[in-house]
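A.B. asks: here you go, sequence then predicted model.
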Amino acid sequence: MVIKVKQKIPLKIKRMGINGEGIGFYQKTLVFVPGALKGEDVFCQVTAVKHNFVEAKLLTVNKASKNRAKPACPIYETCGGCQIMHLAYPKQLDFKDDVIRQALKKFKPAGYEQFDIRHTKGMKKPDHYRAKLQFQLRLFGGSVKAGLFSQGSHRLVPIDHCLVQDALTQEIINTITQLVDKYRLPVYNERNIAGIRTVMVRKAQASDQVQIVIVSSKEISLAGLIGDVTKVFPQIKTVALNINRSKSSDIYGEETEILWGQEAIYEEVLDYGFALSPRAFYQLNPEQTEVLYGEVVEALDVGTTDHIIDAYCGVGSIGLAFAGKVKSVRGMDIIPEAIEDAQKNAKVMGFDNTYYEAGKAEDIIPKWYKQGYRADAIIVDPPRTGLDDKLLKTILRYQPKQMVYVSCNTSTLARDLVQLATVYDVHYIQSVDMFPHTARTEAVVKLSKRHIDDHNINLEMTEDDMKDVNIKK
């Protein structure tokens, strides 16, 4: 019998998928059902039929899991920002352990069945944890609304109260939305690409300082809005305008100008402070960032003669935790403003053994090695796409003695470990719940170069050898 779109089917949910959906089988066909939990009997309606799987929407839960929780968010099912709020929080942590295991089982890096997968470290209060807000603006019946796109669509879901967002940042975006209306500022739409597209609001937990970036497709006058919002919220220290003229889904363009206030806000982690400029990357959950970076420090055993590379360094927040313990720290990032922040932060902290350069890790690190710089340890914190082929090949060629991989995507982590595990022992994988109620997690992996004496393999790799290294995309 052929399964058809709109067909209603009963389903027994066997497990959870990596995106938080329930997975079952109907007529030996894999069925993905968002909102369903392992062990449940559900009734669902087919929404899409693919080559080897089916997607369906949940209609009713006939037999509920004891781990099912009632989401406190009224727009949970339409917003798309959270995927597993219907799962009790302790079980969310178990789910994130399993996501790592699923990824490893799919890619099968050497020895993966023996990897030490440590239980995900969660939060005591997993709400209002996001110190950074990034909402889209659109017009609804002549009125401006801010929110997120519903998952897989360009339909904006207005949000004026979010259970995972810091309360102050939410108040500020609500006020900005009203002021965009008040001053009749142009708002972006896909047909008429002119006006405000996105607003970013970020709060530094240590100082309570706030910075705002307004992303627009063209230059606009924001004097009235800035005057009003900074009067209401004295915590605001920076307002910047970013110009993004692209029709793509990229949030930011290349041009950023400080319109009002100071260049950066002040944040702290692991008992040291640093500056954050508007475009610089920083983790959005300050409380769990302490836990995450603490795990990185714990994983790396370095001393006064060691040299460290901090790839994808941002404002230097991870590498600077080691600067007082080692001979040198070098870092790079693709955002020049972040590198300027890292340089300033190192100077303020009194470190003269650091060097930061703007550019891609996969371009800069090979250059450093050609210039004679040799790292004893490397920290990588790549984007969701994982390690670039060129950088991975460089690591495999020069083989620093120690490595810490900080991953925000378990699939690309497992993919990269296929190659890394040929040279490195994986001591453990420690997951940290940076994003409660979502299917995402962050993981810290401790690796060390395998001793040749202990394993009868040849680890010396030439340029010609490296041409044969194949990384699956």
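C.D. replies: Received the coordinates, thanks.
A.B. asks: measure the residue nearest to the spatial centre of the chain to Gln283 for me?
C.D. replies: Nearest to the mean C-alpha position of the chain, counting by Cα atoms, centre = their mean, stands Cys408 at 5.2 Å. Cys408 sits 9 Å away from Gln283, going by Cβ to Cβ, to the nearest Å. Placement of C-beta: from N, CA and C, glycine included.
A.B. asks: I'd like to know how far the closest residue to Gly294 other than its chain neighbours sits from Phe95.
C.D. replies: Among residues not flanking Gly294 along the chain, Leu270 sits closest, at 6.6 Å (Cβ to Cβ, 6 or more residues apart in numbering). Leu270 sits 28 Å away from Phe95, going by Cβ to Cβ.
A.B. asks: what of Ile379?
C.D. replies: To Phe95, Ile379 is 27 Å away according to Cβ to Cβ.
A.B. asks: ok, Arg118 next?
C.D. replies: Relative to Phe95, and taking Cβ to Cβ, Arg118 is found at 15 Å.
A.B. asks: likewise for Ala36?
C.D. replies: 13 Å.
A.B. asks: okay, the two: which has more neighbours?
C.D. replies: Neighbours of Ala36 and Phe95, each counted by other Cβ atoms under 10 Å, are more numerous for Ala36; the result is 29 against 22.
A.B. asks: give me the phi and psi for the more buried one.
C.D. replies: Per-residue torsions, Ala36: phi -100, psi 150 (degrees, to the nearest 10).
A.B. asks: give me every residue that touches it.
C.D. replies: For Ala36, the contacting residues are 11, 13, 21-22, 24, 42, 44, 58, 61, by Cβ atoms under 8 Å, 6 or more residues apart in numbering.
A.B. asks: could those residues go into JSON lines alongside secondary structure and neighbour count?
C.D. replies: As requested, those are exported to JSON lines (DSSP: H, G, I helix; E, B strand; the rest coil; neighbours: other Cβ atoms under 10 Å):
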{"residue": "Leu11", "secondary structure": "strand", "neighbour count": "22"}
{"residue": "Ile13", "secondary structure": "strand", "neighbour count": "24"}
{"residue": "Glu21", "secondary structure": "coil", "neighbour count": "22"}
{"residue": "Gly22", "secondary structure": "strand", "neighbour count": "27"}
{"residue": "Gly24", "secondary structure": "strand", "neighbour count": "24"}
{"residue": "Val42", "secondary structure": "strand", "neighbour count": "24"}
{"residue": "Cys44", "secondary structure": "strand", "neighbour count": "28"}
{"residue": "Leu58", "secondary structure": "strand", "neighbour count": "20"}
{"residue": "Val61", "secondary structure": "strand", "neighbour count": "19"}
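A.B. asks: any chance of those residues in TSV, plus distance to Tyr76 and pLDDT?
C.D. replies: Below are those laid out as TSV (distance: Cβ to Cβ, whole Å; pLDDT from 0 to 100):
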residue	distance to Tyr76	pLDDT
Leu11	21	98
Ile13	19	99
Glu21	15	97
Gly22	16	98
Gly24	22	98
Val42	17	99
Cys44	18	98
Leu58	13	98
Val61	15	98
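A.B. asks: just confirm Leu58 contacts Val31, I think it does.
C.D. replies: No: Leu58 is beyond contact range of Val31, at 11.1 Å (criterion: Cβ atoms under 8 Å).
A.B. asks: shared neighbours, those two?
C.D. replies: With Cβ under 8 Å, 6+ apart as the test, Leu58 and Val31 both reach Cys44.
A.B. asks: buried stuff in stretch 424-439?
C.D. replies: Applying a neighbour-count criterion of 16 or more other Cβ atoms under 10 Å, the buried positions in stretch 424-439 are 424-426, 429-439.
A.B. asks: again, but for stretch 168-175
C.D. replies: Across stretch 168-175, burial judged by 16+ other Cβ under 10 Å covers 168-173.
A.B. asks: ok, Ile236 - contacts?
C.D. replies: Contacts for Ile236 (Cβ under 8 Å, 6+ apart) come out as 172, 210-212, 229-230, 261.
A.B. asks: from the chain's centre, how far out does the host helix or strand of Thr238 sit?
C.D. replies: Using DSSP states H and E, Thr238 sits within strand 236-243. Per Cα atoms, centre = their mean, to the nearest Å, the displacement of strand 236-243 from the mean C-alpha position of its chain is 22 Å.
A.B. asks: give me the contact list for stretch 214-232.
C.D. replies: Residues from elsewhere that reach stretch 214-232 (Cβ under 8 Å, 6+ apart): 172, 175-176, 179-180, 182-183, 185-186, 188, 193-200, 212, 236, 239-245, 251-253, 259-261.
A.B. asks: stretch 91-101 now?
C.D. replies: Stretch 91-101 has contacts (Cβ under 8 Å, 6+ apart) with 16, 18, 20, 67, 84, 87, 117, 119-120, 122, 410, 413-414, 429, 431, 433, 436-437, 439, 441, 443.
A.B. asks: using ChimeraX, define a selection of the buried residues within these.
C.D. replies: In ChimeraX, this line selects whichever of these come out buried by 16+ other Cβ under 10 Å:
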select :16,18,20,67,84,87,117,120,122,410,413,414,429,431,433,436,437,439,441,443
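A.B. asks: which members of the contacts of stretch 91-101 are positioned in strands?
C.D. replies: Applying DSSP state E to those, the entries found in strands are 16, 117, 119-120, 429, 431, 443.
A.B. asks: nearest to Leu156 among those?
C.D. replies: Checking these against Leu156 with Cβ to Cβ, the nearest one is Met16 at 28.3 Å.
A.B. asks: what's the distance between that closest one and Gly80?
C.D. replies: Per Cβ to Cβ, Met16 is found 18 Å from Gly80.
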